[in-house]
Structures are given as C-alpha cells and as structure tokens.
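**Q** The sequence and its predicted three-dimensional model are supplied below.
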Amino acid sequence: MNSYLMKTVALGLFLIACTFSNAASFEQGKPKIQSIDVISFQPEGILLIGDGKAGQVVLIDTKDREPQKWTASVNDLKGKIAERLGVAAKEIELIHFAVNPVSGKAYLAIRKQDTKTQHLITVDGQGKISEFSLDNVAFKSVALPKGSGGAISKITDLAWMSDRLLVSGVAADEFACKLYSVQQPLEKQSEVILTSAETFHVAHGKWETKAPMTVLMPFEENGKKYLVGAFSCTPLVKYPLEAFTENAKVKGQSIVELGSGNKPIHMFTYQKAGKSYVLINTFRFHHQKKPFGPSPYWTARIETGVISENANINEKALKRLDSKGEPGTEKIKLIPEFHGVSHMDKLDAAHALVISEDDKGALTLKALTLP
C-alpha cells in the first residue's frame, strides 16, 4: 500500500471514528428549530444550523457521506426548487448555502414566503434536487448564552475550527456584535464563551460596536488561533481567540479594507500553486452609484499573508482601492470569473460550488475553478 493510500485510509478511519464518537450523544426525532439563519458543516458531514430566534446551534447527522463527482450545472435553480416545493418561484427566498465537505452535496436553506416556513434543499453532483426533512433526524443542540443586553436576535455566521465552533450574532446592546467560542465536544451544556467585538471601520475612520459581522472564518498562524470576520463597508478583521474570555470586549485588528458600500457574504481559504488565499464574495449596495463590475455581486482574492500583518492595521490597514479608486495593491485582486456569484463554498481543493445570478435575477448552481 503506497503512502498516499495509507494516509487516505487513515483519514477515513479517523473521520468515521469521530462520527461514531459524536453519534452517542445525538437523539432521534424532530429538533425544535425556530429559525434557520445560517448553515455550515463540521468536517465529518455534520450539518450546523444557526437558530438565532431560539439562541442555539443545532447539529444534524445528515448521514450523507458518499463522495460524488460534481458534473452538473443547474440552470433556473429557483424555479426548480419552487417546483420541488410546489410553489411559484417568486415565493422562494434563498437564505444560506453550504457544501457538505464529505459528499460534495450542496445544502440550501430556503424560506417559503407564502407560509413563512423554512426548508432544507439538497442538490447532488448530478443536479438532482431533494428536500432534506427534519422530521426524524439524529440531532443535538448547543445553547448560546444571553449577554448583559439580552439574547441575540440573529446568528450571522458560524464555522468549525479544529477544536471548537465559532459563532457570530447580533444583539440589542451597545456592544451589539457578539462572538461565541464553543469547545468540543459540542453538547447542550458545553462551555460557551461569549464576547463582544469592537472594530475599527477603516472606511468610516472610527471604532464601532454595533456593526454586525456578516461572515467569519477560522485562521491559524504560528501556533495561534484567530477568528477572522468581515463587516459591511467592508473591513476584514482578526480577533485572537486567546482574548476570548466570558463577557470580554475584544478589540479586533482591521487588516484589509475592501471599500465602502459592500456587504460580505461568504469567505474561505484555499491553496493554489503553493500559495494560500482567501476568497470573499460581497454584495455591493452602492452598485447603481459606483459599480465594481457588471453585477452587484463581486468577488475578491486576498493573499493570506495579509492576514498575518500586525503593524499596518486599523488606520493603516491595506486598502483594495487607493484614493483615486484604482487598485491599491497586487495582494487583493478582483476576480471577473466570479462576477454575479451570490453564494459560494469550497467544493474541493480546486473548485468552488457557486450560485450565480444573471442580470434578470435567474440563478445557476455550478462549479467554478478556484482562481
């Protein structure tokens, strides 16, 4: 057996072991979910649902672990989902999107506007659309504690790190941006650290406490762990996890400014040709006044070396555009091939799975090569 195969088998056995060790604490039935704000995955194919209304994260064992090759491109995605749910396309709202890292299957959180009900839709590599029922699943939940200003009103993003779950949310508080760190194993009574974030918004030239973090990702360097988050108008900020203590107010380090008038949506890291990058897509709500491309949805690639910056931060943060509106650095590049991408997640080492929107609002699900 060659070394690559041995490593592959060992990884598979490790993931199976993790799955079965976690399965012992799952219960069977219908989880009490009040809202689906965001979705993500643990590495072994456990679906994570952020339920801000109930102040919890729900874990679902999807049992979806059969790897598949993605060969399909699904046109008129909204129309086909609407047909599957038995409603008109105008009644469908796409809330969030994630890819199961084990199977490669796409999961979409959908809201039916007529009934205000929420549904989970899956699309496999051949383009087959199905509904993932929550009526009888293996699940468990992790409660998110209330802060001094009360419970959070919405979970804005969540992501799995090597040993913990990271969650961002919004509360009615002076320090409205809430960050949670939940140590594994994820159980109902897990230790949850709640902190509040204070962030320097480069475009505004001031520290802010009420702006919500719209997307986050874990990041490690030199043995230290960080939560990296992005905000509207549009700083990229890192927070050292060692500073996360109960009810602390953590000041982040703003390291990148993508420009005002944008809302980040998804973000992940990847490697290509020996280099490491962050891919981040955003919605430009100033598109009509000053477009960055043919669509209000645009994507940037950032060299991860920028995140390691400790000197040029906050007021000195690296800007994508200079004072004349021209590209200010080669380390941040606009990716034309991703124009129109409203949702995305990493599919494999070489591809992203994306949902793109054309100028008529039609959605297409497809795989794109990572830039």
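**A** On my side now, so go ahead.

**Q** residues in contact with Gln200?
**A** Residue 200: Phe, not Gln. Listed by Cβ atoms under 8 Å, 6 or more residues apart in numbering, the contact partners of Phe200 are Lys206, Trp207, Glu208, Pro235, Val237, Lys251, Gly252, Ser254, Asn314, Glu315, Ala317. Every C-beta, even on glycine, is put in place using the N, C-alpha and C of the backbone.

**Q** What residue, apart from its backbone neighbours, is nearest the third one spatially?
**A** In space, not counting the residues next to it along the chain, Glu208 is nearest to His201; the distance is 5.1 Å by Cβ to Cβ, 6 or more residues apart in numbering.

**Q** Would you list the phi and psi of the one you found?
**A** Here is the backbone geometry of His201 (degrees, to the nearest 10): phi -90, psi 110.

**Q** circling back: closest to Pro67 among the contacts of Phe200?
**A** Val237 (35.0 Å; Cβ to Cβ).

**Q** ranges for the helices of this protein?
**A** Taking DSSP state H as the test, the helices found in the chain are 3-23, 77-85.

**Q** Packing partners of the last one?
**A** Pointing back at helix 77-85 there. Judged by 3 or more Cβ pairs under 8 Å, 6 or more residues apart in numbering; DSSP states H and E, helix 77-85 is in contact with strand 92-99, strand 106-112, strand 117-123, strand 129-132, strand 363-369.

**Q** switch to 6 Å and redo it
**A** strand 92-99, strand 363-369 (3 or more Cβ pairs under 6 Å, 6 or more residues apart in numbering; DSSP states H and E).

**Q** now the angle from that helix to strand 363-369?
**A** 120 degrees (axes from the mean of the first three to the mean of the last three Cα atoms, to 10 degrees).

**Q** can you give me the angle helix 77-85 makes with strand 106-112?
**A** Using the same axes, to 10 degrees: helix 77-85 against strand 106-112 is 70 degrees.

**Q** Taking strand 117-123 as reference, get the angle to helix 77-85.
**A** 110 degrees.

**Q** Over helix 77-85, what's the mean pLDDT, rounded is fine.
**A** For helix 77-85, mean pLDDT rounds to 97.

**Q** Could you give me the buried positions within it?
**A** Residues of helix 77-85 classed as buried: Leu77, Lys78, Lys80, Ile81, Ala82, Leu85 (neighbour count, 16 or more other Cβ atoms under 10 Å).

**Q** Kindly tell me how buried the closest residue to Trp160 other than its chain neighbours is, as a neighbour count.
**A** Closest residue to Trp160 apart from its sequence neighbours, by Cβ to Cβ, 6+ apart: Gln42 at 4.8 Å. Using other Cβ atoms under 10 Å, Gln42 is surrounded by 22 other residues.

**Q** Likewise for Ser103?
**A** 20.

**Q** Then Ala273?
**A** There are 5 residues near Ala273, going by other Cβ under 10 Å.

**Q** Check the one 3 residues further on too.
**A** Under the neighbour criterion other Cβ under 10 Å, Ser276 is assigned a count of 13.

**Q** Could I get the contacting residues of it?
**A** For Ser276, the contact set (Cβ atoms under 6 Å, 6 or more residues apart in numbering) comprises Thr304.

**Q** Tell me what it is bridged to.
**A** Gln271 (DSSP bridges).

**Q** What distance do you get for it to Ile302?
**A** Separation of Ser276 from Ile302 (Cβ to Cβ, to the nearest Å): 10 Å.

**Q** what's the answer for Ile39, then?
**A** 24 Å.
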